[in-house]
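**Q** here are the coordinates; sequence isn't available:
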């Protein structure tokens, strides 16, 4: 068992939109990411995705529903198959919880796609 101090973990990297694996359990990954500005609109066909804002603010833009506005200490679960676009203005630190191996850009591949995620020390 390893304790994770979120402040220290977030301070260990700077690159936005490049999640780091903080822990794994039951085939799920706990990822930490820094968000800055808008991301690519995407979906995950087979995976729910939890966004927990630890600092800053995040808006999840959705197609058929009102946007979800999150502040530090709030989270939302985006169900599998729902197209969404995370937007942090100006930035946010976010804990993500999703199945191991879930690609950060979902059904989209572009310059922000990350496949081999670093583990936090």
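**A** Cool, the structure landed. What you see is a predicted model; the values in this text were computed from it and never measured. Numbers count the residues shown, from 1 in each chain.

**Q** quick one, phi psi at the residue lying closest to residue 71 once chain neighbours are set aside?
**A** Leaving aside its sequence neighbours, residue 71 sits nearest to residue 57 (Cβ to Cβ, 6 or more residues apart in numbering; 5.2 Å). All C-beta atoms are positioned from the backbone trio N, CA, C, and that covers glycine. Residue 57 has phi and psi values of phi -140, psi 150 when expressed as degrees, to the nearest 10.

**Q** Quick check: the gap between residue 57 and residue 37.
**A** Distance of residue 57 to residue 37, given as Cβ to Cβ, to the nearest Å: 12 Å.

**Q** ditto for residue 20
**A** According to Cβ to Cβ, residue 20 and residue 37 sit 19 Å apart.

**Q** Just want to know which of the two has more residues nearby.
**A** Neighbour count, other Cβ atoms under 10 Å: between residue 20 and residue 37, residue 20 has more, with 21 against 12.

**Q** can you map out the helices along the protein?
**A** Using DSSP state H, the helices of the chain run over 6-11.

**Q** so what's the residue positioned nearest the centre of it closest to, chain neighbours aside?
**A** For the chain, residue 96 is the residue whose C-alpha lies nearest the centre (Cα atoms, centre = their mean; 4.2 Å). Excluding the flanking residues, the one nearest residue 96 by Cβ to Cβ, 6+ apart is residue 31, at 4.2 Å.

**Q** Kindly report the same for residue 101.
**A** Nearest residue to residue 101, sequence neighbours excluded (Cβ to Cβ, 6+ apart): residue 29, at 7.7 Å.

**Q** now the strands for this structure?
**A** 20-25, 28-38, 49-62, 68-71, 75-78, 84-99, 118-119 (DSSP state E).

**Q** Export the ones you listed as CSV, with columns for mean pLDDT.
**A** Output for the strands of the chain, formatted as CSV (pLDDT from 0 to 100):
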stretch, mean pLDDT
strand 20-25, 96
strand 28-38, 97
strand 49-62, 98
strand 68-71, 98
strand 75-78, 98
strand 84-99, 96
strand 118-119, 88
